[in-house]
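Asks: Mind looking at a prediction? Sequence and model below.
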Amino acid sequence: MASIITRIDRSSRVRLLWERLQDLVFPRPCVFCHLPRKGGGPCLCGPCRDSLHWIERPFCGRCGIPAEIDYDLPQNNFECARCRTQPPVFDRARSVGLYESALKELIAFYKYRKQTGALKEIRSLLECYFLAADEAYDGLTVVPVPLHVSKLRERQFDQACLLAREVARLLTLRCDPGLLKRIRPTPTQTRMTRSERIENVRGAFAVQKPEAVQGSAFLIVDDVMTTGATLNEVARVLKRAGAARVEALTLARAA
Ligand SMILES: [Zn+2]
Ligand SMILES: [Zn+2]
């Protein structure tokens, strides 16, 4: 597993270099509006980047969903109705922005077209987010939501792993991509309902190094949070193995 990740990491670096060279000679248009990039970042133009819907307070202190109220609340004092009636297993979840328009396209560009150059744009979005979010992440070990090995071989690209490494680098936290394993492949969840998603991921993950989990605190990283079923299942596995605290961070969140 580790050697596959190293190999993928190396090929990602080569691809990144190639993309940079191409960009110098033929600057690529914005991935969202397809117009020539003026200002902005490596993939999105200035106006598209400015149009991103960042998730800002007020939001649910537990799951991070934006609150549908138009007045501000004391920090982390608000819990949404779902978290009050069905508390999630994770202690806290946060997302950079809403999974729509330019951010949705950027993630698709990054994930499905294996454009690691998009990681540079993502890194800069994360940087802005951490500066503005003002939340503590001290002492957490970063763990990506693992891909099943069959999917990793097929894709040769582990988007959550690369993302987790960026998050760990920016927050100067330890990253442990080999801590968890996806023990069975799961069908894609795009068209599934909440309950189907819960069923789909049940028993899909296992802890590889139980000794590293007991009493520790974790930050699970993934690209998108939809219903939270996957993050919740990963949190369940970590807590069952003795994790003291489990938090989650995704780049985007479906509202
Ligand atoms: Zn644009
Ligand atoms: Zn909530």
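Replies: Structure's in. What do you need? Ligands and ions are numbered 1, 2, ... in the order given.
Asks: Quick check: residues of this structure near ligand 1?
Replies: Among all residues of the chain, those adjacent to ligand 1 (criterion: Cβ under 5 Å from the ion) are C30, F32, C33, C45, C48. Just so you know, the C-beta spots here come from the backbone N, C-alpha and C atoms, and that holds for glycine as well.
Asks: Now for the nearest residue to the first one once chain neighbours are set aside: which residues touch it?
Replies: By that I understand C30. For C30, ignoring the flanking residues on the chain, the nearest one in space by Cβ to Cβ, 6 or more residues apart in numbering is C45 at 3.8 Å. With Cβ atoms under 8 Å, 6 or more residues apart in numbering as the criterion, the residues that contact C45 are P29, C30, F32, C33, L35, P36, R37, K38, G39.
Asks: quick one: pLDDT of C45?
Replies: C45 is assigned 91 on the pLDDT scale.
Asks: Also P36?
Replies: Note for P36: predicted pLDDT of 85.
Asks: any idea how far it is from I122?
Replies: Taking Cβ to Cβ, to the nearest Å as the criterion, P36 is separated from I122 by 21 Å.
Asks: ditto for E211
Replies: 32 Å.
Asks: Check T85 too.
Replies: Using Cβ to Cβ, one obtains 34 Å as the distance from T85 to I122.
Asks: Between the two, point out the one with more neighbours.
Replies: I122 (26 against 8; other Cβ atoms under 10 Å).
Asks: what pLDDT does that one get?
Replies: Model confidence at I122, given as pLDDT, is 95.
Asks: For Q208, list the residues it contacts.
Replies: For Q208, the contacting residues are G178, L179, L180, K181, by Cβ under 8 Å, 6+ apart.
Asks: Now tabulate the residues you listed in JSON lines and tack on pLDDT.
Replies: As requested, those are arranged in JSON lines below (pLDDT from 0 to 100):
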{"residue": "G178", "pLDDT": "93"}
{"residue": "L179", "pLDDT": "97"}
{"residue": "L180", "pLDDT": "96"}
{"residue": "K181", "pLDDT": "94"}
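Asks: May I have the phi/psi pair for the closest residue to V145 other than its chain neighbours?
Replies: Ranked by Cβ to Cβ, 6+ apart and with sequence neighbours excluded, the top spatial neighbour of V145 is D222, at 4.3 Å. According to degrees, to the nearest 10, the main-chain angles of D222 amount to phi -150, psi 170.
Asks: in the sheet, who's paired with D222?
Replies: Counting by DSSP bridges, D222 is bridged to T250.
Asks: wait, doesn't it sit right on T230?
Replies: Yes. Because the distance of 6.8 Å satisfies Cβ atoms under 8 Å, D222 is recorded as touching T230.
Asks: what's the overlap in contacts for these two?
Replies: V145.
Asks: Please say which of the two ends up with more neighbours.
Replies: Here D222 and T230 are compared on neighbour count by other Cβ under 10 Å; more neighbours surround T230, at 25 against 21.
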